[in-house]
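Asks: Have a look at this fold, sequence not included:
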Ligand SMILES: Nc1ncnc2c1ncn2[C@@H]1O[C@H](COP(=O)(O)OP(=O)(O)O)[C@@H](O)[C@H]1O
Ligand SMILES: [Mg+2]
């Protein structure tokens, strides 16, 4: 399988704050790759790093084996990377069709056949093509956002939490849609908070903690890993714990030792705040 996208030891952040401390991951042709991890781990930041929305101070982003590190977004799009951010990913006052047409803005060929294909992939969007995108349900708005990105027939699609805020029913629909898009030939790199479902459809996955790789494996390996399950696949109580861990960790990096398989709150020992023991 050929390598479509690779992050090779990527380092970067915002201003003077380093968020990604050497993140490595890749997506091969045909894959759905999922990134999970606690809030603030740097998952969205890793996506922005690919899309040129972040100044990288180390490492490389490679597309089809060629470095595109620190390439501005408008160029990254032309190279065939499309990115659907978590929010603000449609023009609410424009119609569904206008949104899809906007997605094709860098194409100078006839995109009507592609528009047809998108409607075939998302039949509800055809029915609602004249309706303002802002009036659609959350799930259908997410479909518009994905359809818009697909207008460019990208080499790879980046999705940041496509099911955020959706009811379980719509969540399921979005995961089905992601599978469909992938089947049609587009590799996908997706950040997801609904880890169990996302890993269920993933070829492979990465667990990012504290701006670093923590676990990786096939979707099944991660689903069946007791430590991953304990930390990331639990219900409400675990989520709360995750938030605590995320808040409690210093940004300096050298704190990978906080393994908490027993689920004891990490914030218990207040006195030991400095990194390096
Ligand atoms: N635009 C920004 N400017 C400064 N800091 C940011 C910005 N976006 C995110 N951060 C910080 O970077 C860290 C990682 O954020 P993010 O990548 O959004 O995490 P995740 O997507 O894993 O929840 C967090 O500490 C967050 O506060
Ligand atoms: Mg995020």
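Replies: Yep, that arrived. As the structure is a computational prediction, the values presented were derived from the model and not from experiment. Ligands and ions are numbered 1, 2, ... in the order given.
Asks: got the residue ranges for the helices in the stretch 51-200 of the chain?
Replies: 73-79, 96-103, 112-121, 123-127, 138-150, 168-183, 195-201 (DSSP state H, counting those that start in this stretch).
Asks: Check which residues of the last one are buried.
Replies: Just to be clear, that refers to helix 195-201. Going by neighbour count (16 or more other CB atoms under 10 Å), the buried part of helix 195-201 is 195, 197, 198, 199, 201. To be clear about C-beta, it is placed using only N, CA and C from the backbone, and glycine gets the same treatment.
Asks: For the second one, give its distance to residue 124.
Replies: When CB to CB, to the nearest Å is applied, the distance between residue 197 and residue 124 equals 21 Å.
Asks: Repeat that for the fourth one.
Replies: Using CB to CB, one obtains 27 Å as the distance from residue 199 to residue 124.
Asks: near ligand 1, which residues of this structure?
Replies: For the chain, the residues in contact with ligand 1 (CB under 6 Å from any ligand atom) are 14, 19, 37, 39, 40, 41, 42, 43, 44, 45.
Asks: remind me which residues of the stretch 101-250 of the chain are low pLDDT?
Replies: For the stretch 101-250 of the chain, the stretches flagged by pLDDT under 70 are 235-250.
Asks: what do you get if the cut-off is 90, keeping everything else the same?
Replies: 105-108, 169, 229-250 (pLDDT under 90).
Asks: Single out the residue in the stretch 51-200 of the chain that lies closest to ligand 1.
Replies: Relative to ligand 1, the nearest point of the stretch 51-200 of the chain is residue 191 (6.3 Å; CB to the nearest ligand atom).
Asks: measure the closest residue to that residue other than its chain neighbours to residue 143 for me?
Replies: Computed as CB to CB, 6 or more residues apart in numbering, the closest residue to residue 191 that is not its neighbour in sequence is residue 43, at 4.4 Å. For residue 43, the distance to residue 143 equals 22 Å [CB to CB].
Asks: Residue 214 against residue 208, yeah?
Replies: Yes. Using CB atoms under 8 Å, residue 214 is in contact with residue 208, at 6.5 Å.
Asks: Neighbour count: those two, which is higher?
Replies: residue 208 (23 against 19; other CB atoms under 10 Å).
Asks: domains for the chain, by residue range?
Replies: 1-80+154-277, 93-153 (automatic domain parsing).
Asks: Of all the ones you listed, which one comes closest to residue 87?
Replies: domain 1-80+154-277 (8.1 Å; CB to CB).
Asks: in the sheet, who's paired with residue 95?
Replies: residue 132 (DSSP bridges).
Asks: Enumerate every residue touching it.
Replies: By CB atoms under 8 Å, 6 or more residues apart in numbering, residue 95 lies in contact with 129, 130, 131, 132, 133.
Asks: Before we move on, what's the pLDDT of it?
Replies: We have a pLDDT of 98 for residue 95.
Asks: Then residue 11?
Replies: pLDDT at residue 11 comes out at 98.
Asks: Tell me which other helices or strands the helix or strand hosting it touches.
Replies: Remark: residue 11 resides in strand 3-14, with elements defined by DSSP states H and E. Strand 3-14 sits against strand 17-28, helix 43-51, strand 55-63, with contacts defined as 3 or more CB pairs under 8 Å, 6 or more residues apart in numbering; DSSP states H and E.
Asks: so after the longest one, what's the next helix or strand?
Replies: Of the helices and strands lying after strand 17-28 in sequence (DSSP H and E), the nearest is strand 32-36.
Asks: Off-centre distance for that next one?
Replies: Centre-to-centre, strand 32-36 and its host chain are 7 Å apart (CA atoms, centre = their mean, to the nearest Å).
Asks: so what secondary structure elements neighbour it?
Replies: Checking 3+ CB pairs under 8 Å, 6+ apart, strand 32-36 ends up next to strand 17-28, helix 43-51, helix 168-183, strand 188-191, helix 195-201, strand 204-209.
Asks: Ligand 2 is nearest to which of those?
Replies: Ligand 2 lies closest to helix 43-51 among these, at 3.2 Å (CB to the ion).
Asks: Name the residues that touch that closest one?
Replies: 5, 7, 10, 12-14, 19-20, 23, 25, 35-37, 54, 56, 61, 73, 76, 81, 83, 85-86, 158, 160-161, 189, 191, 208, 211.
Asks: Filter those down to just the buried residues.
Replies: Applying 16+ other CB under 10 Å to those flags 5, 7, 10, 12-13, 19-20, 23, 25, 35-37, 54, 56, 61, 76, 81, 83, 85-86, 158, 160-161, 189, 191, 208, 211 as buried.
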